[in-house]
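In: Mind looking at a prediction? Sequence and model below.
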Amino acid sequence: MGMNFLVGQSGGPTAVINSSLAGVYETARSCGANRIYGMQYGIEGLLQEKLVDLDQLLGNTLNIELLKRTPSSYLGSCRYKLPTPEQDEAVYQKLFSIFAKYSIDAVLYIGGNDSMDTIAKLSAYGSRIGSPIRFIGVPKTIDNDLMLTDHTPGFGSAAKFIATITKELICDSNVYDLQSVTVAEIMGRHAGWLAASASLAKGEDCDGPDMILLPEIPFSESVFLSRVEALRKEKNNIIIAASEGVQTEDGTFLCDLVSGSGAVDAFGHKVTLSGTSRYLSGLIQKHLGCKTRAIEFSTLQRCASHLISRIDVNESYQVGGAAVLAAMAGETGRMSAIIRKSNAPYVSTCETVDVQEVANKEKTIPTQWIAENGMQMTAAFEAYARPLIQGEQLPMYVNGVPRHIRM
């Protein structure tokens, strides 16, 4: 009772990351928190002491409901790599002096692999100096590549968007009685969960994509072209869902064959992964000579708040609340995680896991969920992913467009 909380958001945003912020805020408030601060622009902004009072910004029901329907990170984000104490202890001394100045009892950080690295380092340093501050991670990423959680908040909504847009794209491609190949480029650096989600477009009224290319399966030009040529003999219009992180046997990203290796961020990740669809489209045109089109879904996958999964909204809110309860129970160095109890009906709950086992690790698609030809998904993947895209949450429309909240 009477605890002071500090919450931040980090890394790439999602369509529901603000639902986790709402979960943190409302749970802390309902549990009698004294003050609830937000850090603007993540840990990088915190180092500049950019803190806001969330009671002043979110202290009414309408703002909370708008927050749940607003894409991107309300508090702002960063991609700041916290050094180790051995590299620069002054950074930790500054952060802990800020925590002391505002009498912070618990720090919650909403983010992905790299954000969990921040929580792991802060909690380890806090333990080393005997600090009573609790550090808890709240999972978030459309990439669905965090360890120790069944799936990540943000993935379900991105998957719903990808499946929907893929289905609409298939309808559009069948307009003309002409041969064509459309390559849709979908996010995913090393894990193909999002590209695999295009398979959810399949149903009674849609065949789904004809090929799915994943980072988990090394790309072979000859195998790829042979498959496209075989499909051309069966149908006029071919749809290919390709992960932006598709790589050759030697680990070269296909997009690098178009635009070069490019810059990397503080965590060593490529800043831009773009060009895979263009490379594949050009390859088809060069060798098979048919009409091709390259489409990049790009950042639309993570900001389409008008098409979010209700399951995703609810679970995003719940992991935020679970993090608050964990901090109040005295836990630190933990991350709230989603545990699946059953598929039919779909039931999940939240528990906490050791953040050290999550930080800087990536979860890829199990081999048994990928078809033997490496270019389609199995029924097991659908059973896993289909429940996560269920339900809708309608925007609040004003003057014909969705209403959002901004700071």
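Out: Great, that's in hand.
In: only C-alpha atoms for contact and neighbour calcs from this point on.
Out: Will do.
In: quick one, domains of this protein?
Out: 4-153+305-362, 158-303 (automatic domain parsing).
In: which stretch in these is the model least sure about?
Out: Lowest mean pLDDT within those: domain 158-303, a mean of 90.
In: Quote the end-to-end distance of that one.
Out: Domain 158-303 stretches 8 Å from its first residue to its last (CA to CA, to the nearest Å).
In: For the stretch 101-250 of the chain, which segments are assigned as helices?
Out: Ranges of helices in the stretch 101-250 of the chain, per DSSP state H, counting those that start in this stretch, are 113-129, 155-173, 193-196, 221-232.
In: Export these to TSV and append columns for mean neighbour count and distance to Thr141.
Out: Below are these laid out as TSV (neighbours: other CA atoms under 10 Å; distance: least, CA to CA, whole Å):
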stretch	mean neighbour count	distance to Thr141
helix 113-129	21	9
helix 155-173	23	6
helix 193-196	28	11
helix 221-232	14	30
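In: of those, which approaches Leu388 most closely?
Out: Among these, helix 155-173 comes nearest to Leu388, with 4.9 Å by CA to CA.
In: same for that closest one, what does it pack against?
Out: Helix 155-173 sits against helix 193-196, helix 300-303, helix 310-328, with contacts defined as 3 or more CA pairs under 8 Å, 6 or more residues apart in numbering; DSSP states H and E.
In: Export the ones you listed as JSON lines, with columns for distance to Arg232.
Out: Putting those into JSON lines (distance: least, CA to CA, whole Å) gives the following:
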{"stretch": "helix 193-196", "distance to Arg232": "22"}
{"stretch": "helix 300-303", "distance to Arg232": "29"}
{"stretch": "helix 310-328", "distance to Arg232": "38"}
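In: about what we covered before: tell me which of the helices of the stretch 101-250 of the chain lies nearest to Arg310.
Out: With respect to Arg310, and counting by CA to CA, the nearest of these is helix 155-173 at 8.3 Å.
In: Give me the contacts around that closest one.
Out: With contacts defined as CA atoms under 8 Å, 6 or more residues apart in numbering, helix 155-173 is touched by 14-16, 141-144, 180, 182, 194-195, 197-202, 206, 208-209, 237, 239, 301-302, 304, 307-309, 311-312, 385, 388-389.
In: So how do I select the buried members of the residues you listed in PyMOL?
Out: To isolate the buried subset of those in PyMOL, counting by 16 or more other CA atoms under 10 Å, use the following:
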select buried, resi 14+15+16+141+142+143+144+180+182+194+195+197+198+199+200+201+202+208+209+237+239+301+302+304+307+308+309+311+312+385+388+389
